[in-house]
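In: Need coordinates for the below:
(2 chains)
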Amino acid sequence: MSKLELTRRGLLRTGAVAGAGLAMPTVFASRASAFTNEPKGGVVTLGFTIPLTGPYADEGNDELKAFQLAVKHLNGEGDGGMLSTFSSKTLTGAGILGKKVAFVSGDTQTKPDTARATAKSMIEKDGAVMISGCSSSAEAVALQSLCQEAGLIYMVGLSHSNDTTGKDKKRNGFRHFFNAYMSAAALAPVLKDMYGADRAAYHLTADYTWGWTQQASMQAATEAIGWKTVANVLTPLASTDFSSYIAPVLNSGADVLILNHYGANMVNSLTQAVQFGLKDKMVNGKQFQIVVPLISELMAKGAGPNIRDIPGSSNWNWKLQDAGTKAFVQSYGKEYGAPPSQAAQTCYAQVLLYADAVARAKSFNPCAVVEALEGYKFDGLGNGPTEYRAADHQCFKDCLVVKGKDKPDNEFDTLEIVQVTPTAQVTYAPDNKMFAGGDLGQCNPGA
Amino acid sequence: MLGLGKKDLTFLLIVLLLTLAAPILLNPFAEGSAMAQFNAGYPDLMQRIAIFAIFAVGFNILFGLTGYLSFGHAAFIGIGSYAMVWMLKLLTMNILPGLILATLMGGAFALLIGFVSLRRSGIYFSILTLAFAQMSFNMAYSVLTPITGGENGLGPALGDPRVLDAAAANGTIPEVNLFGLSMRATYELDLAGRVFQFNAGYYVCGLLSVFMFYLALRLFRSPFGMMLRAIKCNQHRLNYTGLHSRPYMLSAFVISGMYAGLAGGLMAAMDPLAGADRMQWQASGEVVLMVILGGVGTMLGPVLGAGFIKYCENIFSKINDHVLHEWFSIFPKWLENLLVTIVHPFVGQGWHLTLGVLFMLVVIFLPGGLIEGGQRIGRLIRRKPDAKGKAAATTPAE
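Out: Residues are numbered from 1 along each chain as shown, chains lettered A, B, ... in the order given. Predicted structure coming up:
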């Protein structure tokens, strides 16, 4: 127990300390910025949140490589990659607006929760002025809303859910990658040619935003060409064993299995489906088929021979023959000794697009960058002529229908391009019902 | 004062001062310097340390005092988080109702789980709590997706009712606040090349954690705390004296569940997105690590452990190969590459390895945790020959 005792000397001392304390704020200069993490000095820091562990880790590792390469090229190191083929010529290899580009990277564990924690520390500690990267749409949506609240630009990495630029779109977020609706629109006609109009499909779907929207898109598109949907079974993202989900497919009367899985999930489920002998089955007098709506080179590599002849869609493939792709594949190959995946391409392009937007806007202010990117038309980044639509911040460009190659020439030759679907076929109105319910809101510069 | 002895009061005041000055104390290195990597004085990490300190202090009430090792405490964190986010969605973006509900929900679920689990002791109790937590996690992840958001996580959305708030303007979700004070509000101070960030959210977490620390201190010194210690010493003998010990156990379990619920609620208040992952067994294991690493049964130990683990998690996991190459760039190229190869597995996503090694070292050489380490150093400095016996008596190592 204590008792307060007052003495003259004690009182004077306390008074002096308190007075000094009150005067403190006038001595220090408070930090004034026009927007969150305004870069001061000669360096600008970008933050890359990538999944290095978890089911989408392969994609994450490839994204990191692409980010590193993009930063090198922006700083004028290496051969410059797509800087030379990019339709905008503001980037000369002298950093962004004369500032040297530095970056921080962090693991998101393929979890939205961790992704946000990682990004938050990048914003608060490292002073990142832009966040990019992710390979699950759950992460993308979580990061996009964080960046909107904190007042940063978020350049979406690999996210394929309709929600990212639909129900959960944000003014501060931009997506270069294509989406589930586009995949379905590109795939459906090809599927009709390959397997006919009288088919019954069974969906296995990853249980989160991407799986849901991809399943809905595929169901709508395949039913439009006359297919029936037998069942849709949701599987947890964290699962690695799908045998209990695949066994019921055999007796369901379905003759097509649509795997709405990605990354290691898809590698496991496809491998198990092939082991169950699904590919060799005859159902309803027809050969049983497997479709993987979203395929990447990394998944094809993981699945090995099981991927052969299986159709799907891609945002980009290293075998495209345009100048941008060639320049990127060459520079990536020289650096890492393997061709880049579609995850790498989209992330590389996103960094360049951001840097270019800053250069054109002559400011790092998120609102200026938003203005520079909205409705921006560009070319030379590997996807042909592309537009960032102002209404939902989605890029519109050609997309690819691919197929697991039957007789690969080498270990990187896993996919072949069946068709390049023109932009017009995959374009939709911003108020399409699969993208309804969102609002971009106002741009937020933070601070 | 405050029902505490003089020694405890000074102790509490020191904790309070440290909490208030944390943004300055944790930012010792100048911005842009090579050591800036190791600064911890940014809001996100400080909030996390304060929140996990609450969690660990609460866990210590159960584990440290009664010796019952629960492997399912993360479930209460998750429940608290979901309760918080639902309040943000339905009622108001003010965090107060959410924090109250989170604490109550943590307590209610602890009552339910504790009522069943406490029929057994020792390893069976641990397994039961683990089972309940995994059950909660799996349900949140699958069948309860409409309530919990599953893999997407649960966060405030534009279309939420928020009956107490005014309608959201121009398509933006209002900020999480406490009576108008945004949790994001930060006052930045430039001083001698350092930037100190005084964040409203951190002070809410920090002051709450000091308050919870005070409550735990009172509980440790109370007759109730003594009874819990008696349970740890010998529950059988206690029962033979004719005393029914289970109500005491259950109270301790519920109290620590409420601490965890509050921690979960705060977590969701600082960053309004609740994922099911925070209920997983790794999260339950983490708090056990925190308490053991810091010092079981001590007051300050769990706080130290929480700070230590969260610091390692946030700082080591951010060191990538790029940073390593910069560090070792003064050496010749071959040595630089060799050093990077050696250090690589211990940083970045491999930081768990570092934590594992440190944990082993602490358990082997400092069974009393970091607190014991501090005491040993203190003894070395003071060179008091009789201190050894005293320290051993106050911190039973188990």
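In: Only C-alpha atoms from now on, for both contacts and neighbour counts.
Out: OK.
In: So what does whichever residue of the stretch 101-250 of chain A sits closest to chain B look like in phi/psi?
Out: At 4.9 Å from chain B, residue A:138 is the closest residue in the stretch 101-250 of chain A, using CA to the nearest CA. Per-residue torsions, residue A:138: phi -60, psi -40 (degrees, to the nearest 10).
In: from memory it sits against residue A:209, does it?
Out: Yes: with contact defined as CA atoms under 8 Å, residue A:138 reaches residue A:209; the gap is 6.3 Å.
In: Which one of the two is surrounded by more residues?
Out: Shown here are residue A:138 and residue A:209; by other CA atoms under 10 Å in any protein chain shown, residue A:138 has more neighbours (26 against 23).
In: what's the distance between the more buried one and residue B:151?
Out: Residue A:138 is 7 Å from residue B:151, where distance means CA to CA, to the nearest Å.
In: Overlap in contacts, the two.
Out: Shared contacts of residue A:138 and residue B:151 (CA atoms under 8 Å, 6 or more residues apart in numbering or on different chains): A:111-112, A:208.
In: what about the strands in the stretch 101-250 of chain A?
Out: Remark: strands assigned in the stretch 101-250 of chain A by DSSP state E, counting those that start in this stretch are A:130-132, A:153-156, A:173-175, A:200-206, A:228-235.
In: Can you say which helix or strand has residue A:49 in it?
Out: Secondary structure assigned from DSSP states H and E places residue A:49 in strand A:43-50.
In: what angle sits between the helix or strand that that strand is followed by and strand A:43-50?
Out: Next helix or strand after strand A:43-50 toward the C-terminus (DSSP H and E): helix A:57-74. Using axes from the mean of the first three to the mean of the last three CA atoms, to 10 degrees, the inter-axis angle of helix A:57-74 relative to strand A:43-50 is 160 degrees.
In: mind showing which ranges of the stretch 51-200 of chain B have poor pLDDT?
Out: For the stretch 51-200 of chain B, applying pLDDT under 70 flags the ranges B:168-171.
In: and it, which residues reach chain A?
Out: Residues of the stretch 51-200 of chain B lying close to chain A (CA under 8 Å from any CA of the partner chain) are B:141-142, B:150-153, B:158, B:170-172, B:175, B:187-191.
In: what about residue B:331, how many residues close to it?
Out: Residues near residue B:331, counting by other CA under 10 Å, number 12.
In: And it, what's its pLDDT?
Out: pLDDT, residue B:331: 86.
In: Likewise for residue B:393?
Out: Confidence at residue B:393, expressed as pLDDT, is 47.
In: Tell me which residues are up against the host helix or strand of residue B:134.
Out: Using DSSP H and E, residue B:134 maps to helix B:122-141. By CA under 8 Å, 6+ apart, the residues outside helix B:122-141 that reach it are A:236, B:68-75, B:113, B:117-119, B:145, B:147-151, B:276-277, B:279-281.
In: one more time with 6 Å, if that's ok
Out: B:69-72, B:75, B:117, B:148, B:150, B:279-280 (CA atoms under 6 Å, 6 or more residues apart in numbering or on different chains).
In: Go ahead and flag the most central residue of chain A.
Out: With distances taken as CA atoms, centre = their mean, residue A:158 lies nearest the centre of chain A, 1.8 Å away.
In: That residue contacts residue A:137, correct?
Out: No: judged on CA atoms under 6 Å, residue A:158 makes no contact with residue A:137 at a distance of 7.6 Å.
In: near chain B, which of the shared contacts of residue A:138 and residue B:151 show up?
Out: Among these, the residues within reach of chain B (CA under 6 Å from any CA of the partner chain) are residue A:208.
In: Throw the shared contacts of residue A:138 and residue B:151 into TSV and include pLDDT and neighbour count, thanks.
Out: Formatted as TSV, the shared contacts of residue A:138 and residue B:151 follow (pLDDT from 0 to 100; neighbours: other CA atoms under 10 Å in any protein chain shown):
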residue	pLDDT	neighbour count
A:111	88	28
A:112	90	27
A:208	91	24
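In: ok, so of the shared contacts of residue A:138 and residue B:151, who is nearest residue B:105?
Out: Distance to residue B:105 across the shared contacts of residue A:138 and residue B:151 (CA to CA) is lowest for residue A:112, with 23.9 Å.
In: wait, what's in contact with the closest one?
Out: Residue A:112 touches A:138-139, A:142, counting by CA under 6 Å, 6+ apart.
In: And residue B:351, by the same measure?
Out: Counted by CA under 6 Å, 6+ apart, residue B:351 has contacts B:316-317.
In: how close does residue A:238 sit to residue B:281?
Out: On the measure of CA to CA, residue A:238 and residue B:281 end up 14 Å apart.
In: Show me which of these two is the more surrounded one.
Out: Legend: neighbour count by other CA under 10 Å for residue A:238 and residue B:281, higher for residue B:281 (19 against 16).
In: and the more buried one, backbone torsions?
Out: Phi and psi for residue B:281, reported as degrees, to the nearest 10, are phi -60, psi -30.
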